[in-house]
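Asker: Structural data only, the sequence is not supplied:
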């Protein structure tokens, strides 16, 4: 019984340790990507392989599969869908390679006699084993570097995009620095040639056939007419009209440099047939009908069309409405493009693994840009995630117990033999 408990302790803590180490990253972003556990798996299983070098390779592989399997089980349960097949396979490969590499770096060359242990051949074999272990670790590092979702790279053909906004997307609102792109603009530049415009009257001379109209300052009637005419002549506009802007600002209330706290576009929206009816003040993290996640904060509901259909959180995906030869897309909220609602690390807007929502990919889609690759798996509600954690820990414990029973006859140094019923050692090679 004591020996079984020792084997259980060899098998369970490493796998649970690597699971908990990667769980922090998953909870930070809300994504369940097996690659978030890549580095913890490499470190934990390399160390376990080093410690268990004198045990059989079967026990080490059992340990690796238990740790990796716990991660994949959690990813499946937390997202209610299977993880990406390539990411799952990559994590399995990382686990097997690192546990084997750890054993190679420690294991002494096998020998059948004391004379062979002291021979030069034994030293050469030891050197070869160390070399193989280092090569396995190097290959694992390359796999971890190239395996996860890669940063978003600019596409060669980028259509022109005009941006009219009162939000600090291109500058520091305090005037302490020169031009500075907000994270959402950094990403949009990979899909569009972005040009900020101060005056809608410049649209007619602009080559842009796409416009992001995000919470602009008060516009004169002539400027509203210019936008309307530009759309009817064939332009596409994505309007972010926020009735309750929560974009953080260091400027005092009343400062003209602050973005408008309410949308000033209602005359134009009314002209286009959008009628506001209600405001959902709560923050809403919701999924679009096609499974993407976007976070809203203080969203305006609209009535539009002959049947007065509600456009809002129950059917909140951007509402499209043809206008002449052009098209209007309306979302009654500008807060989603605030990086605080879609990005875990403001310094990495181009790395989808740090996104906490699909907002930038959806904005690109709504504007008709080249799609951003990647199918991100998002966690379900908090209760579902808690249940997934509990079931994963239970499954890991059961796997460790099975391993402790399966390898009950194993002793350190028995990689090439098993203990017989009489207590002696039998050579597997000789049968």
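Answerer: Structure received. All of these numbers come straight from a predicted model, not from anything done at the bench.

Asker: quick one: secondary structure of residue 273?
Answerer: Taken by DSSP: H, G, I helix; E, B strand; the rest coil, the conformation at residue 273 corresponds to coil.

Asker: right, and it touches residue 321 too?
Answerer: Yes - in terms of C-beta atoms under 8 Å, residue 273 counts as a neighbour of residue 321; the distance is 6.9 Å. Where you see a C-beta, it was placed from the backbone N, CA and C, and this is true even at glycine.

Asker: What's the local residue count around residue 281?
Answerer: Residues lying near residue 281 (other C-beta atoms under 10 Å) number 12.

Asker: ugh, typo on my part, it should be residue 381
Answerer: When counting by other C-beta under 10 Å, one arrives at 9 neighbours for residue 381.

Asker: Quickly note the distance from it to residue 205.
Answerer: As defined by C-beta to C-beta, to the nearest Å, residue 381 lies at a distance of 50 Å from residue 205.

Asker: what's the answer for residue 215, then?
Answerer: If you go by C-beta to C-beta, the gap between residue 215 and residue 205 works out to 24 Å.

Asker: Looking only at neighbour counts, state which of those two leads.
Answerer: Ranked by neighbour count (other C-beta under 10 Å), residue 215 and residue 205 place residue 215 first, with 26 against 6.

Asker: got a pLDDT number for the closest residue to the more buried one other than its chain neighbours?
Answerer: The shortest distance from residue 215 to any non-neighbouring residue, by C-beta to C-beta, 6 or more residues apart in numbering, is to residue 334 (4.2 Å). pLDDT recorded at residue 334 is 94.

Asker: List the residues that contact the most centrally placed residue in the chain.
Answerer: If you average the C-alpha coordinates of the chain and look for the closest C-alpha using C-alpha atoms, centre = their mean, you land on residue 353, 3.2 Å from that point. Counting by C-beta atoms under 8 Å, 6 or more residues apart in numbering, residue 353 makes contact with 29, 31, 33, 35, 36, 148, 149.

Asker: got JSON lines for the residues you listed, with neighbour count too?
Answerer: As requested, the contacts of residue 353 are arranged in JSON lines below (neighbours: other C-beta atoms under 10 Å):
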{"residue": "29", "neighbour count": "21"}
{"residue": "31", "neighbour count": "26"}
{"residue": "33", "neighbour count": "24"}
{"residue": "35", "neighbour count": "24"}
{"residue": "36", "neighbour count": "25"}
{"residue": "148", "neighbour count": "19"}
{"residue": "149", "neighbour count": "18"}
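
Asker: Tell me how far residue 200 lies from residue 323.
Answerer: Remark: distance between residue 200 and residue 323 (C-beta to C-beta) = 15 Å.

Asker: ok, the two, which is more surrounded?
Answerer: residue 200 (24 against 19).

Asker: Next, work out how far apart residue 294 and residue 344 are.
Answerer: Using C-beta to C-beta, residue 294 is found at 15 Å from residue 344.

Asker: Which one of those two is surrounded by more residues?
Answerer: The residue with more neighbours, out of residue 294 and residue 344 and counting by other C-beta under 10 Å, is residue 294; that gives 24 against 17.

Asker: Quick check: the more buried one is in a strand.
Answerer: Yes - in this structure, residue 294 lies within a strand as judged by three-state DSSP.

Asker: who's in contact with it?
Answerer: So, once contact is read as C-beta under 8 Å, 6+ apart, residue 294 ends up touching 285, 286, 288, 336, 342, 357, 358, 359, 362.
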